[in-house]
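> no sequence on hand, only this structure:
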């Protein structure tokens, strides 16, 4: 039983840390104290023309009660909860701009689109509703 429990804990920890963060020194557990993670935002689906974009300012305008004006960090995952590093996509992530994946930067891009991504932000607890 101990080994099953240990395996479940290790599995949970590896799945829970599947994101990419900005700043890169941030971790899922770093959003503490008077801060908390927002809900996950998946406001865009990959387009055959451009790629997949989760833009910070767009999210602030679209869902202002769920987003703060100055997040301290951003985390990105695929829409199926894995790390963007497992996809082979080339992407850019920043708290200021959001998450960007351009189809033209994906290997064999004429036959493959960027993966679908989602993001969440570390914000002051008082500034967002849950």
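Arrived safely. This one's a predicted model, so the numbers in the text were calculated from it and none came from an experiment. Numbering: from 1, shown residues only.
> what's the following helix or strand after whatever helix or strand residue 53 lives in?
Assigned by DSSP states H and E, residue 53 belongs to strand 51-55. Following strand 51-55 in sequence order, the next helix or strand is helix 56-62 (DSSP H and E).
> against which helices or strands is whichever helix or strand comes after that following helix packed?
Sequence order places strand 73-78 as the next helix or strand after helix 56-62, per DSSP H and E. When contacts are defined as 3 or more Cβ pairs under 8 Å, 6 or more residues apart in numbering; DSSP states H and E, strand 73-78 sits against strand 20-22, strand 91-94, strand 98-102, strand 117-124. Glycine gets a C-beta too; all of them are placed from N, C-alpha and C.
> now strand 73-78: mean pLDDT?
For strand 73-78, mean pLDDT rounds to 97.
> which outside residues touch that strand?
18-23, 26, 28, 30-31, 37, 40, 54, 56, 83-84, 86-87, 91, 93-95, 98-99, 115-122 (Cβ atoms under 8 Å, 6 or more residues apart in numbering).
> now swap in stretch 93-108 and tell me
Counting by Cβ under 8 Å, 6+ apart, residues outside stretch 93-108 touching it are 20-23, 46-59, 71-74, 76, 84, 88-92, 109, 112-115, 117, 119, 121.
> Produce a PyMOL select command limited to the buried residues of those.
Selection of buried members from the contacts of stretch 93-108 for PyMOL, criterion 16 or more other Cβ atoms under 10 Å:
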select buried, resi 20+21+22+46+51+52+53+54+55+56+59+71+73+74+76+84+89+90+91+113+114+115+117+119+121
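> and the gap between residue 26 and residue 64?
23 Å (Cβ to Cβ, to the nearest Å).
> give me the more crowded residue out of these two.
residue 26 (18 against 12; other Cβ atoms under 10 Å).
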